[in-house]
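Q: fold the stuff below for me.
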Amino acid sequence: MANVVATIKMMPSSPDVNLEEVTAKAKKKISDFAGEGDVKVEEQPVAFGLKSLNITFVMDESKGSTEILEDELKDIEGVQSVQTTDVRRAVG
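A: Modelled structure (predicted):
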């Protein structure tokens, strides 16, 4: 099986949410789901001080859908929504 590179967008419930705490909890859940590996986190301005987290990571294709991971990430306090925005097969 090949590896895939997935990107998940997480929206906080307000601009007051501590994104560092959310990022740390999200990285833990992602490593539990996908295994140890590189995780890239970008904060993207949305509006009125609100920023989304775009988290990119590598996982084995055999894991199938990221739906289970999305459900776990939604349980993090301060997270309003979670959506997989991109999944690509890794080359090389």
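
Q: quick one: residue 42 and residue 67, what's the gap?
A: Distance of residue 42 to residue 67, computed by C-beta to C-beta, to the nearest Å: 22 Å. Any C-beta I mention is one placed from the backbone N, CA and C, and that applies to glycine too.

Q: could you do residue 14 as well?
A: When distance is defined by C-beta to C-beta, residue 14 is 26 Å away from residue 67.

Q: isn't residue 7 up against residue 83?
A: No - between residue 7 and residue 83 there is no contact under C-beta atoms under 8 Å: 9.6 Å.

Q: more neighbours: those two, which one.
A: Between residue 7 and residue 83, counted using other C-beta atoms under 10 Å, residue 7 has the larger neighbour count: 17 against 13.

Q: does the more buried one belong to a helix or a strand, and which?
A: strand 3-12 (DSSP states H and E).

Q: give the other helices and strands that that strand contacts.
A: On a contact count with 3 or more C-beta pairs under 8 Å, 6 or more residues apart in numbering; DSSP states H and E, strand 3-12 meets helix 19-34, strand 50-60, helix 67-74, strand 79-89.
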